[in-house]
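Chemist: no sequence for this one, just the structure:
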């Protein structure tokens, strides 16, 4: 307190400004940090859920078309389209394999449930492909009745089981994204509360500091004016209190 009173008026003013600026900088940094957290949450949802869902939806669409195309190949009336349908199966296989790989690479190490569901899906996909390839081979040999029977009894159920595994993956990513959004809401609410508290504290500190500095500066000046008025009125004994005379600022001796 003594140091503040002895400081020059310029020093007192600059000190007040610096303290207020420091509070403003702190509030700004706090806001930037919280914006960074929200941005990180958005990136997390995009990278871990949105992309994964896009990959698995592509796989699901491919499976649906592969089922239909396999059915056509197994039927003798579509024999004229055999070559085109086989080429389409190859395209669907390539697209599915690419998206399976992308999904696999996008699984976070800590997401053990996602990995478990993906492993189940991969196993069912392998069974579906194996059965489908047998159907295709029978059809290419002209054994349409056997191909149709195998397709109905084994390949289609395998495809359905695979798509059910796909649905489980989609649901997992949906739930995971929902949990991330919910956590982001909790974080935002907490950050907003803390930010409001910091702003209130900053305003209070600013008011208290302003009042304190104004008092330190104006009170001695008012005393000086009072003493000057007395001296001007002929009272040559008027003087400032000793504590002000001992100050080393503009008021003191």
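Modeler: Noted; the coordinates are in hand. Computed from a prediction, not measured in an experiment: that's the story for all the values here.
Chemist: all helices in the stretch 151-253 of the chain, in order from the N-terminus.
Modeler: 156-232, 242-245 (DSSP state H, counting those that start in this stretch).
Chemist: So which bits of the helix or strand hosting residue 85 are buried?
Modeler: Residue 85 is part of helix 82-106, with elements assigned from DSSP states H and E. Residues 85, 88-89, 92, 95-96, 99-100, 102-103, 106 are the ones in helix 82-106 that count as buried (16 or more other CB atoms under 10 Å). C-beta coordinates here come from the backbone N, C-alpha and C atoms, glycine included.
Chemist: hmm, which helix or strand of this structure has the shakiest average pLDDT?
Modeler: helix 2-6 (a mean of 54; mean pLDDT, DSSP states H and E).
Chemist: still on that earlier bit, between the helices of the stretch 151-253 of the chain, which gets the lowest average pLDDT?
Modeler: With a mean of 58, helix 242-245 has the lowest mean pLDDT of those.
Chemist: Skipping its backbone neighbours, what lies nearest residue 161 in space?
Modeler: residue 124 (5.0 Å; CB to CB, 6 or more residues apart in numbering).
Chemist: Is the one you found in a helix, a strand, or coil?
Modeler: Three-state call for residue 124 (DSSP: H, G, I helix; E, B strand; the rest coil): helix.
Chemist: shouldn't it be in contact with residue 168?
Modeler: No - the pair residue 124 / residue 168 is not scored as a contact, 10.3 Å apart, by CB atoms under 8 Å.
Chemist: Common neighbours of these two, please.
Modeler: Counting by CB atoms under 8 Å, 6 or more residues apart in numbering, residue 124 and residue 168 have no common neighbour.
Chemist: So what touches stretch 128-139?
Modeler: Residues contacting stretch 128-139 (CB under 8 Å, 6+ apart): 63, 66, 70, 73-74, 82, 86, 89, 93, 144, 146-147, 150-151, 154-155, 158-159, 161-162.
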